[in-house]
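> Take a look and give me a structure for this.
(chains A and B)
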There are 2 protein chains.
Amino acid sequence: MTSSGSRTATGPTPVLDLDTDVVTLTRQLCDIESVSRDEQRIADAVETALTALPHLSVTRLGHTVVARTELGRGERVVIAGHLDTVPVNGNFPSRMDEETGILHGLGTCDMKGGDAVILRLAATVPEPVRDVTYVLYEAEEIEEEFNGLKRVAEERPDLLEADFAILMEPSNAGVEAGCQGTLRVEVRTTGERAHSARSWKGVNAIHGAADVLARLNAYEARRPVIDGLEYHEGLNAVAIRGGVAGNVVPDECVVEVNYRFAPDVSTVEAEAFVRDFFEGYDVTLTDLGAAAMPGLDRPAAQQFLEAVGGRVAPKFGWTDVARFTALGVPAVNYGPGDPLFAHKADEHVPVAEIEHCERALRAWLTAGPAGPAERAGA
Amino acid sequence: MTSSGSRTATGPTPVLDLDTDVVTLTRQLCDIESVSRDEQRIADAVETALTALPHLSVTRLGHTVVARTELGRGERVVIAGHLDTVPVNGNFPSRMDEETGILHGLGTCDMKGGDAVILRLAATVPEPVRDVTYVLYEAEEIEEEFNGLKRVAEERPDLLEADFAILMEPSNAGVEAGCQGTLRVEVRTTGERAHSARSWKGVNAIHGAADVLARLNAYEARRPVIDGLEYHEGLNAVAIRGGVAGNVVPDECVVEVNYRFAPDVSTVEAEAFVRDFFEGYDVTLTDLGAAAMPGLDRPAAQQFLEAVGGRVAPKFGWTDVARFTALGVPAVNYGPGDPLFAHKADEHVPVAEIEHCERALRAWLTAGPAGPAERAGA
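Numbering: from 1, shown residues only, chains lettered A, B, ... in the order given. Predicted structure coming up:
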């Protein structure tokens, strides 16, 4: 096993019991500390557990583990989840509240519950009706350059070839389709410094930002309907800074603006929109993530929706589903937990949602292509 | 001698030669490093030199030295300068350009040239026609709490009693009368945080600052004429800050605003003006310095103006002259050097201006009250 990228891995590889119930397995995963860039131990445990299953072909890339069935089915689907968490925040290890059926702690919501579902399916559905590629990857919570799914897409795109993909990010155990894109720019006004006691000798760049903010106030959000889902764009100043000293007319003001754009807008169009919107100002692009079309018109997507049932909602936040879209694979977010509690000290998940997701996906992987089936866990 | 407040004073007390010419003395003063809070050595040198003069009564308070003639004249004037400088900026020690007659280096302009004039007058005019209080004080360039003139005004206001005061801050060897006041407020807008992917769930506090900046853009400066001098007010954002993270609609934005107000505006009126101007917003006062009336109608001021001649200009920046005004003493700024070069790496002073100020003040201190007199240095 590789040791590259590890920072604090110590002790023997933890043992995961894939034969236990999905909630117990969720807790086992939560209790292996795996803050981004410290995923070696959890990836080792996952790799060890999956390699022991003869019906899977396992590949490791960094601290990302890919396990595939090779049954020659007419269709292949990806089910993916990240192994890392945001930093510990007084919420490690996990704590089960038996009375409410809620599991508390770091990673419970984002997204060890989804990971446990993936591992349970991998272990207990040896002959799915559609070939499955299970992906458990590193470094989703930090800078994109470390993202394990990005690395697989770049170095081994063949491993991600599929007709449909499910990313098990928390979505209240409902289907959230596609995702909006995100773009950040710095809009800069300039002026001329002067002592504030003789301010008429200078040009105040902060005053110059009044019009930038006025334009933002006048913005009207697009709400396009795509595949029956209403998306909702947004254009917001997320930061502003300016100032030299308390007695100086400032010569620069920077407004950092975040544009969230619907899936029918390309990255090129998104950038053009923002540059046009702030015409006359110095606009610097600092971040750009493509949107993902919901792709609900594809047969694989339709069958998945029939199997899991429930309402489909648009995904407003950007997620790694966009990486699948970029590879031509329609993808949805579907996982246990309320995303509003992700990254919070009081992160938690109702265990019933974990169990629900496991049942629904098991039905989809074991039923014929015509409809859903509900079976007890193996 | 006291050692309190000293940080880096080392070695023996430097010796100042008050019998040399004013330019040489300026260099001696410049070459004693005396960044604010490190004034012990220069204060020791000044105290030693002045104590040796039998016609002066010397008092020390911290690193501030006050030397007074006690001739029982009908009139007393203060001539004051600060001993400290802003931090060294690759411009220490001083460097004389003989060809241009310009002295370069830290403190040359702000304000060791003025200090040298004070020391030369103190040493060489033993019987001035008006009693003189020479004040050489510490910590003008930093937080007000350390200001030596403030301390004397609070602890020994009797030492500053006078009919007129001259602060030798750089003013291009011309008279700058009074000074404008300065006030700072934080104008705060508030909103409600939300993920920027669902920005319509929040209220953007930075967008809310658009109106604050629009009001600043609509501001029209008062330019009142007082004692024949046209002042010029100003209302400027000197800083702006807001932002939580690149994906969060921010719930707070703070605009720091500096109001420079003419001498006919009291501090109470200045604060009321700003609060009214930003009505509807949360306004916090953070700094307030009173303006100083020019006071050119007083006889002592008139005689000074007649002696030194030249045009009188209004002082726009706030200076310690306001402390004299608060004590009921009319005061002007009058010193060698261009204030635009104060606090700059290329700080410098034309030595002719130092010599001019020395000659003019010597004339005023040695002539009768009726008019100017020009005499060679002692």
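
> Any buried residues in stretch A:94-112, and which?
Judged by neighbour count (16 or more other Cβ atoms under 10 Å in any protein chain shown), stretch A:94-112 contains these buried residues: A:94, A:96, A:102-112. Quick note: C-beta positions are derived from backbone N, CA and C, even for glycine.

> Return the subset of the residues you listed lying in strands.
A:Met96, A:Ile102, A:Leu103, A:His104 (DSSP state E).

> Out of the buried residues of stretch A:94-112, which is nearest to B:Thr124?
For these, the closest approach to B:Thr124 (Cβ to Cβ) belongs to A:Leu106, at 77.6 Å.

> Pull up the gap between the closest one and A:Pro93, please.
Shown here: A:Leu106 relative to A:Pro93, a distance of 8 Å by Cβ to Cβ, to the nearest Å.

> ok, the closest residue to A:His343 other than its chain neighbours - contacts?
Counting by Cβ to Cβ, 6 or more residues apart in numbering or on different chains, A:Val86 is the residue found nearest to A:His343 once chain neighbours are left out, at 5.0 Å. Going by Cβ atoms under 8 Å, 6 or more residues apart in numbering or on different chains, A:Val86 touches A:Val35, A:Ser36, A:Leu106, A:Asp110, A:Glu141, A:His343.

> gap between the first one and A:Glu138?
With the distance defined as Cβ to Cβ, A:Val35 ends up 11 Å from A:Glu138.

> thinking A:Trp318 is in contact with A:Gly178, fair?
No. At 10.5 Å, A:Trp318 does not count as touching A:Gly178 under the criterion of Cβ atoms under 8 Å.

> The two: which is more packed in?
Ranked by neighbour count (other Cβ atoms under 10 Å in any protein chain shown), A:Trp318 and A:Gly178 place A:Gly178 first, with 30 against 20.

> Ramachandran angles for the more buried one?
Backbone torsions of A:Gly178, given as degrees, to the nearest 10, read phi 60, psi -160.

> Identify the residue spatially nearest to it, adjacent ones excluded.
A:Pro294 is the one closest to A:Gly178 (Cβ to Cβ, 6+ apart), at 3.7 Å.

> didn't that neighbour look like it was pressed against A:Phe324?
No. Here A:Pro294 lies out of contact with A:Phe324, judged by Cβ under 8 Å, at a distance of 11.8 Å.

> okay, and the common contacts of the two?
Residues touching both A:Pro294 and A:Phe324 (Cβ under 8 Å, 6+ apart) are A:Pro330.

> what about A:Phe146, distance to chain B?
Note on A:Phe146: its distance to chain B, by Cβ to the nearest Cβ, to the nearest Å, is 17 Å.

> Chain neighbours aside, what residue packs nearest to that residue?
Counting by Cβ to Cβ, 6+ apart, the residue nearest A:Phe146 is A:Ala139, at 3.7 Å.

> can you check A:Leu285 too?
Per Cβ to Cβ, 6+ apart, closest to A:Leu285 is A:Val185, 5.5 Å.

> tell me the mean pLDDT for the helix or strand hosting the one you found?
A:Val185 belongs to strand A:181-190 when elements are defined using DSSP states H and E. Averaging pLDDT along strand A:181-190 gives 97.

> With stretch A:98-117 instead?
97.

> gap between the two ends of it?
Start to finish, the residues bounding stretch A:98-117 are 20 Å apart (Cα to Cα, to the nearest Å).

> what about that stretch, distance to the chain center?
On the basis of Cα atoms, centre = their mean, to the nearest Å, stretch A:98-117 sits 17 Å off its chain's mean C-alpha point.

> Likewise for stretch A:171-189?
10 Å.

> Equivalent analysis for stretch A:221-234, please.
On Cα atoms, centre = their mean, the centre of stretch A:221-234 falls 20 Å from the chain's centre.

> cool, and stretch A:296-313?
19 Å.

> Can you give me the buried ones in the lowest-mean-pLDDT helix or strand in chain A?
Every helix and strand in chain A was compared by mean pLDDT, DSSP states H and E; the lowest is helix A:299-308, with a mean of 86. Neighbour-count burial for helix A:299-308 flags A:Ala300, A:Ala301, A:Gln303, A:Phe304, A:Leu305, A:Ala307, A:Val308 (criterion: 16+ other Cβ under 10 Å).

> Not counting residues beside it along the chain, what's closest to the first one?
By that I understand A:Ala300. Closest to A:Ala300 by Cβ to Cβ, 6+ apart is A:Phe164, at 3.5 Å.

> From B:Gly148, how far off is that neighbour?
Distance from A:Phe164 to B:Gly148, by Cβ to Cβ: 77 Å.

> Please say which of these two ends up with more neighbours.
B:Gly148 (26 against 23).

> Extract the CA atoms of the biggest helix by length in chain A and return them as CSV.
In chain A, assigned by DSSP state H, the helix with the most residues is helix A:351-366. Output of helix A:351-366 as CSV, limited to C-alpha atoms (Å, rounded to 0.1, in the frame of the first residue of the first chain):
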residue,chain,number,x,y,z
VAL,A,351,-30.0,6.6,10.7
ALA,A,352,-33.4,5.9,9.0
GLU,A,353,-32.1,7.9,6.0
ILE,A,354,-29.0,5.8,5.8
GLU,A,355,-31.1,2.7,5.9
HIS,A,356,-33.5,4.1,3.4
CYS,A,357,-30.8,4.9,0.9
GLU,A,358,-29.3,1.4,1.3
ARG,A,359,-32.7,-0.2,0.7
ALA,A,360,-33.5,1.9,-2.3
LEU,A,361,-30.2,1.4,-4.0
ARG,A,362,-30.2,-2.3,-3.3
ALA,A,363,-33.6,-2.5,-5.0
TRP,A,364,-32.3,-0.7,-8.0
LEU,A,365,-29.2,-2.9,-8.3
THR,A,366,-31.1,-6.1,-7.8
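
> so what does it touch, helix or strand wise?
Applying 3 or more Cβ pairs under 8 Å, 6 or more residues apart in numbering or on different chains; DSSP states H and E, we find helix A:351-366 packed against helix A:22-30, strand A:102-104, helix A:113-124, helix A:299-308.

> go with 10 Å
helix A:22-30, strand A:76-82, strand A:102-104, helix A:113-124, strand A:131-137, strand A:164-167, helix A:299-308, strand A:331-334 (3 or more Cβ pairs under 10 Å, 6 or more residues apart in numbering or on different chains; DSSP states H and E).

> Work out the gap between the first one and the centre of the chain.
Centroid separation between helix A:22-30 and its chain, computed with Cα atoms, centre = their mean, is 20 Å.

> Please pull up the helix or strand immediately following that helix.
Following helix A:22-30 toward the C-terminus (DSSP H and E): helix A:40-51.

> Then the fifth one?
Scanning forward in sequence from strand A:131-137 by DSSP H and E, the next helix or strand is helix A:148-155.

> What are the buried residues along that next one?
Applying 16+ other Cβ under 10 Å to helix A:148-155 flags A:Gly148, A:Leu149, A:Lys150, A:Arg151, A:Val152, A:Ala153 as buried.

> got a list of what the first one touches?
So the one you mean is A:Gly148. By Cβ atoms under 10 Å, 6 or more residues apart in numbering or on different chains, the contact list for A:Gly148 reads A:39, A:43, A:61-66, A:80, A:82-84, A:135-140, A:320.

> Mind doing that once more with 8 Å?
A:Gly148 neighbours (Cβ under 8 Å, 6+ apart): A:Leu61, A:Gly62, A:His63, A:Thr64, A:His82, A:Leu83, A:Tyr137, A:Glu138, A:Ala139, A:Glu140.

> can you tell me how far the first one sits from A:Ala49?
I take that to be A:Leu61. 17 Å.

> who has more neighbours, those two?
A:Ala49 (23 against 18).
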